[in-house]
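A.B. asks: Build me a model:
(2 chains)
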Amino acid sequence: MSSAQKITDDIFKMAVNGLRHKTPVVLLACGSFNPITNMHLRMFEIAKDFLEKSGKYIVIQGIISPVNDGYAKQGLLPANHRLAMCNLAVQSSDWIRVDPWESQQDQWLQTVKVMRHHKAKLEEQQHGLMETPSKAKKRKLNTRTRSCSQSSVEDIANENEVEEINSRNNAGYIELKLLCGSDLLESFGTHGLWRDADIREIVGKFGIVCVSRAGTNPQKFVYESDVLSEYENNILIVTEWIQNEISSTRIRRALRRHQSVKYLIPDPVIDYIKKNGLFTNDNDILIRSASKYETSL
Amino acid sequence: MAAPGRVVLLACGCFNPITNMHLRLFELARDHLEKTGLYKVIEGIISPAHDKYGKKGLVPSTDRIAMAQLALSTSDWVRVDSWESEQKGWLETAVVARHLKRQVQNKHGSVMDSETDGPSRKRRKTQHNVNNIDKNAGSSTAVASGDVQLKLLCGADLLESFAVPNLWRDEHIKELVSDFGLVVISRAGSNPEKFIYESDVLSKYKNNIHLVTEWIQNEISATKIRRSLRRKESIRYLVPDPVINYINEHQLYQPETETS
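C.D. replies: This is a model prediction of the structure:
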């Protein structure tokens, strides 16, 4: 956790200091991760490449937020196992991290609430960095003339910095975008599944990066929804040309049948599953499905 | 009930570079064969093609072998064999298979060593310029039970390629399906049975062709990996991390090495 925090600080600094012409983005993926697969990890890589190639964004972090146990989907393993597997899976990544906050709440939360939490955290961190005098001093010494007294220069430096960031994007903060597959975009159209206000907030205030397979037509879901169409510019659709179908459902099926899942999920995750005897037949029928709907809890 | 027959799986190809898809082929084939109860898969062999295969953008076999070895560092049953790439010229798959069959039978022992030098064959010139090095190799006789069998592991595209005129010698196709056997991994929704039905020789030996469906599909072809590398896109989680590091260190598959 502390190393993740260190990385976070470094990339925040990078975002604040270096790339003023680009919008820093944090990608958040919500889901069961039951278990995490190479497909989930690929979504992050594909989205980062796409956003950075546009020349407008710099992706500074990816966050995996495994769903709360209260989601109660059939066969959902306890969050401690799912978190452990995610942590093993991202140990070789220098920009993706796992966040336990969602899973540590008393109950299942709507996606929009998880987004609000992470957005607030990002704003806090960014403020913290911008307002640390020592950091401002360092920048000042490198880039500014020393015509005034120490203290007043420091104040100016801080003010300028805030101003610059404010002018760069409206809110003045790092953007948090929801990373998802086209199935999520499609689910927005399912009646009674999402609250209208939540959809509006997710696409209007935050934004979505949707990774979809070649040959599908996620633009259709956008077209068919008035609210998605309204915020079309906030929905970035990326085509996954090198397709894979490594869904968690298929991984669990293979594990139940004692088939190899090597090269589909990271080796340390396979070791963890074996060591803990996870995803055997028994696990899958023990937990009764309560509900999987966004609005029902 | 007889003890399961021991099988070694051989995959031939460029492996330029090796991807997780190649590695999955082995896992799928082993699961399938062992589930029948008839086979025990004791080894997997990756044999990267000779540099003189001459495909555009083919990096030297030393690099391709190094990458395959790195990729297989976490596997306890699949290995790389460099014999094919060390020959003087490109070899036909059947010739490579004959050599490796002798090798694995020596290594794992065979109950009845039936390997004899067959009559030298008249070789028709194919579209590839072939240097026949393994002139002494003949076809093996039928495998006695207890012998280690060598089966060729491939995708459905190889089965399909048997029908391409002048690409394969007829006698090699016959030898591969009769004396060795094929394990064909094909994606859900494709119809490899059709290729077997349409070919007289494949139909004749269809009991020697094991069809395996890849239900968890992936499309991690080496072509797509090279394309991503040229375009400076991430190939993480498609190719093992040590292979990515090797590619970066040796600056393989740069934009100028192969144009789209």
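
A.B. asks: Could you tell me how many residues sit around A:Phe279?
C.D. replies: By the measure other CB atoms under 10 Å in any protein chain shown, the count of residues near A:Phe279 is 23. (Each C-beta comes from the backbone N, C-alpha and C, glycine too.)

A.B. asks: Actually, A:Ile270.
C.D. replies: Using other CB under 10 Å, A:Ile270 has 21 neighbouring residues.

A.B. asks: can you pull out the helices in the chain?
C.D. replies: In the absence of a named chain, chain A is used. A:2-17, A:38-53, A:79-89, A:101-104, A:111-130, A:133-143, A:150-168, A:182-187, A:196-201, A:218-224, A:226-230, A:248-256, A:267-276, A:281-286 (DSSP state H).

A.B. asks: switch to chain B, that's the one I care about
C.D. replies: Under DSSP H, chain B gives helices at B:20-35, B:61-71, B:83-86, B:93-108, B:156-161, B:170-175, B:192-198, B:200-204, B:222-230, B:241-250.

A.B. asks: quick one: which of these is nearest A:Gly55?
C.D. replies: Among the helices of chain B, the nearest to A:Gly55 by CB to CB is helix B:222-230 (18.9 Å).

A.B. asks: Show me what that closest one is packed against.
C.D. replies: For helix B:222-230, there is no helix or strand it packs on, judged by 3 or more CB pairs under 8 Å, 6 or more residues apart in numbering or on different chains; DSSP states H and E.

A.B. asks: Pull out the buried residues from that helix.
C.D. replies: By 16 or more other CB atoms under 10 Å in any protein chain shown, the buried positions in helix B:222-230 come out as B:222, B:224-230.

A.B. asks: Run a quick neighbour tally on the residue of the stretch 51-200 of chain B found nearest chain A.
C.D. replies: Residue nearest to chain A within the stretch 51-200 of chain B (CB to the nearest CB): B:Thr74, separated by 5.7 Å. By other CB under 10 Å, 14 other residues sit near B:Thr74.

A.B. asks: Would you agree it is in contact with A:Asp267?
C.D. replies: Yes. If you go by CB atoms under 8 Å, B:Thr74 and A:Asp267 touch, sitting 5.7 Å apart.

A.B. asks: Kindly report which one of the helices of chain A carries the lowest mean pLDDT.
C.D. replies: Mean pLDDT is lowest for helix A:150-168 out of those, coming in at a mean of 43.

A.B. asks: about what we covered before: for A:Ser54, find the nearest of the helices of chain B.
C.D. replies: Across the helices of chain B, closest to A:Ser54 is helix B:222-230 (CB to CB), at 17.2 Å.

A.B. asks: the inter-axis angle of that closest one versus helix B:61-71?
C.D. replies: Angle, helix B:222-230 to helix B:61-71, by axes from the mean of the first three to the mean of the last three CA atoms, to 10 degrees: 100 degrees.

A.B. asks: Is it possible to get JSON lines of the helices of chain B that adds mean pLDDT and distance to A:Leu255?
C.D. replies: Output for the helices of chain B, formatted as JSON lines (pLDDT from 0 to 100; distance: least, CB to CB, whole Å):
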{"stretch": "helix B:20-35", "mean pLDDT": "96", "distance to A:Leu255": "12"}
{"stretch": "helix B:61-71", "mean pLDDT": "97", "distance to A:Leu255": "23"}
{"stretch": "helix B:83-86", "mean pLDDT": "96", "distance to A:Leu255": "35"}
{"stretch": "helix B:93-108", "mean pLDDT": "95", "distance to A:Leu255": "30"}
{"stretch": "helix B:156-161", "mean pLDDT": "90", "distance to A:Leu255": "26"}
{"stretch": "helix B:170-175", "mean pLDDT": "94", "distance to A:Leu255": "38"}
{"stretch": "helix B:192-198", "mean pLDDT": "90", "distance to A:Leu255": "27"}
{"stretch": "helix B:200-204", "mean pLDDT": "92", "distance to A:Leu255": "34"}
{"stretch": "helix B:222-230", "mean pLDDT": "93", "distance to A:Leu255": "27"}
{"stretch": "helix B:241-250", "mean pLDDT": "96", "distance to A:Leu255": "23"}
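
A.B. asks: Good, wrapping up.
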